[in-house]
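Asker: Build me a model from this:
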Amino acid sequence: MSTALPIIGRLSLRIPWAWVGQERVPLVGPDNLTPNEMAAVLSEVLGKPVRFQQISPEAYKANMMQFGASDAVAQGLADMAVAQSEGFYKADAAEAQRAPTSFRVWCEEVLGPAVLR
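Answerer: Numbering: from 1, shown residues only. Below is the predicted model:
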């Protein structure tokens with residue numbers, strides 16, 4: 001199993017002083033996939049068709065609240081989705097640290113086993 005996510009979690013807990021004064025810590029995977037490319041990877045790994053469908057921020061927020069998110073959390077997630085759609089994070093990606101785990105590997109090692117139990 002890939003160790004990128006557990007290592008990041010352990011480091012953030014063990015060295016909290018490293019995060020003091022940090023507004024952001026850009027971290028991206030080695031691949032730069034579009035939502036449609038991510039859906040294709042998910043389809044292959046899960047063995048079921050998955051498609052990307054962009055929805056309004058209001059619908060996104062409502063969906064998150066249906067799954068138990070508070071109003072504030074749901075709004076924050078919707079705001080992040082809008083920012084990502086508008087390219088807000090592209091500058092971060094150029095200077096970000098690259099995680100060693102690709103989206104495909106994460107899907108195969110983490111998501112697939114959790115979903116396909």
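
Asker: so what's Val50 up against?
Answerer: Taking C-beta atoms under 8 Å, 6 or more residues apart in numbering, we find Val50 in contact with Ala39, Ala40, Leu42, Ser43. Quick note: C-beta positions are derived from backbone N, CA and C, even for glycine.

Asker: Let's have the residues you listed in a markdown table, adding distance to Ala96 and pLDDT.
Answerer: Output for the contacts of Val50, formatted as a markdown table (distance: C-beta to C-beta, whole Å; pLDDT from 0 to 100):
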| residue | distance to Ala96 | pLDDT |
| --- | --- | --- |
| Ala39 | 23 | 96 |
| Ala40 | 23 | 97 |
| Leu42 | 23 | 95 |
| Ser43 | 27 | 96 |
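
Asker: Can you lay out these as CSV showing neighbour count?
Answerer: Output for the contacts of Val50, formatted as CSV (neighbours: other C-beta atoms under 10 Å):
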residue, neighbour count
Ala39, 16
Ala40, 17
Leu42, 21
Ser43, 13
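
Asker: just the strands in the chain please.
Answerer: For the chain, the strands defined by DSSP state E cover 27-28, 97-98.

Asker: Note down every partner strand of the last one and its orientation.
Answerer: If I follow you right, that is strand 97-98. The sheet places strand 97-98 alongside strand 27-28 (parallel), with pairing taken from DSSP bridges.

Asker: burial count for Leu111?
Answerer: Leu111: 15 surrounding residues under other C-beta atoms under 10 Å.
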